[in-house]
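1. Here's my sequence, what's the structure:
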Amino acid sequence: MKWMGRLHELGGAATTLQLRNAGATRETLAEAVNAGVVVRPRRGVYALATLAGPPRAAVAAGARLSCVTACRSYGIWAGTDPRVHVVIPPNGRRRPDGFVCHWRAAEPGEQVWRVSLADCLRTVGHCADEETAVAAFDTALSAGLLSSFELADIMRSAPRAVRARAARARTGSESGVESLVRQRLEARGHHVQQQVHVSGVGRVDMLVDGELYLEVDGYAFHGDAGAFERDRRRDTRLAADGHRRLRVSARSVLTEWPVVAHSIERVLRPLHPQRTHSNGGTNPALPAVLLTDGAAASARRTQEET
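-> This is a model prediction of the structure:
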């Protein structure tokens, strides 16, 4: 059925008109509902029975996923806010329970369960904190969802503060956590290059101050033995070639950033003995090459002692 394919293309929910334009009839829609393949979450809208979670709840409430929740649906960084953000028309009859509501008209878009990517990014630009907004922009660019020129065009009519945030975005962050590390190190006065190719190793997440190769492990770090071994081979090759290197976990970046920053700067300290960072201090050398969750605790104790 052509209309069923269209329903899938639209993300699992569509208006009656959209499905009628794709060939559905009153009878075929009724048959699909009776068969349990399709449901009617609200009047004038049909959805796949498999559509669940925030998308289905938003459709049922007459809303669309917006802001960081829409970011998550597009596969870009959404920060750590677990709440469901939706956009509700200004003439909405009531405030639905369980949502963070943005009362405004959604920009035109085909999907009835979430706002367009452009709408999503504009909303994140002024709703989320600056780090989260820039990380969302970074990961959207790195995922190839749009170009830097398209991002600038999207933000053309946005407030100046939002345009300034978008201007800080750049490609290279394959995860939101990598973007956070890049932003925070640059704020401390470091020069950061991303996705740097190293002969015999491949791409490394970052090169800090032209001296320290930095890798950021994701949430699924060491989820399989193969990944663990590949990481160790990369670390060994970097060490064999005389490169300074450090590996940090996403969790330590999110929960123990001062410890991570302290460790990075202690590795760099012998190379730049006169460097003073925006935190007002310098740190002694630390010959660390790995800062996973367990190592972070040890580094924290070292930081407290110094």
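
2. Please make it C-alpha for all contacts and neighbour counts, starting now.
-> Fine.

3. What's opposite the nearest residue to Arg244 once chain neighbours are set aside in the beta bridge?
-> Distance criterion Cα to Cα, 6 or more residues apart in numbering; nearest residue to Arg244, sequence neighbours excluded, is Leu212 at 5.1 Å. Counting by DSSP bridges, Leu212 is bridged to Val208, Arg244.

4. Report the contact partners of the residue nearest to the spatial centre of the chain.
-> Centroid check for the chain by Cα atoms, centre = their mean gives Trp77 as the closest residue, at 1.0 Å. Shown in contact with Trp77 (Cα atoms under 8 Å, 6 or more residues apart in numbering): 68, 71, 132, 135-136, 139-140, 175-176.

5. And it, what's its pLDDT?
-> For Trp77, the pLDDT comes out at 97.

6. Surely Val204 is in a helix?
-> No - the assignment for Val204 by DSSP: H, G, I helix; E, B strand; the rest coil gives strand, which leaves it out of any helix.

7. the strands in the stretch 201-306 of the chain, which residues?
-> For the stretch 201-306 of the chain, applying DSSP state E, counting those that start in this stretch gives strands covering 202-208, 212-217, 244-249, 290-291.

8. Switch these over to TSV; also include mean pLDDT.
-> TSV is the format used below for those (pLDDT from 0 to 100):
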stretch	mean pLDDT
strand 202-208	92
strand 212-217	93
strand 244-249	91
strand 290-291	50
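
9. which of the ones you listed sits most buried?
-> strand 212-217 (a mean of 23; mean count of other Cα atoms under 10 Å).

10. Present the strands of the stretch 201-306 of the chain as TSV; the columns should include distance to Met155.
-> Below are these laid out as TSV (distance: least, Cα to Cα, whole Å):
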stretch	distance to Met155
strand 202-208	28
strand 212-217	30
strand 244-249	33
strand 290-291	38
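
11. And the ones you listed: which comes nearest Arg114?
-> Among those, strand 212-217 comes nearest to Arg114, with 30.3 Å by Cα to Cα.

12. what separates that closest one from the chain centre, distance-wise?
-> On the basis of Cα atoms, centre = their mean, to the nearest Å, strand 212-217 sits 18 Å off its chain's mean C-alpha point.

13. packing partners for it?
-> Identification of packing neighbours for strand 212-217 by 3 or more Cα pairs under 8 Å, 6 or more residues apart in numbering; DSSP states H and E yields strand 202-208, strand 244-249.

14. what's next to it, contact-wise?
-> 177-178, 204-208, 243-250, 267-268.

15. give me that answer again for 10 Å
-> For strand 212-217, the external contacting residues (Cα atoms under 10 Å, 6 or more residues apart in numbering) are 174-175, 177-178, 181, 192-196, 198, 203-208, 231, 235, 238, 243-253, 264-265, 267-268, 271, 289-292.

16. Residue ranges in the stretch 201-306 of the chain under the pLDDT threshold?
-> Counting by pLDDT under 70, the stretch 201-306 of the chain shows low-confidence ranges at 219-229, 231, 271-306.

17. Helices of that one, start to end?
-> For the stretch 201-306 of the chain, the helices defined by DSSP state H, counting those that start in this stretch occupy 225-240, 250-255, 257-268, 293-305.

18. Quick check: chain neighbours aside, which residue is closest to Ser173?
-> Ser179 (5.3 Å).

19. again, but for Arg203
-> His197 (4.3 Å).

20. that's a helix at the one you found, yeah?
-> No - if the criterion is three-state DSSP, then His197 is strand and not within a helix.

21. Would you map the strands across the stretch 1-150 of the chain?
-> So, for the stretch 1-150 of the chain - with DSSP E, counting those that start in this stretch - the strands run 13-15, 38-42, 45-48, 64-65, 85-88, 100-103.

22. Can you tell me which of those is most buried?
-> Note that of those, strand 64-65 is the most buried (mean count of other Cα under 10 Å), with a mean of 30.
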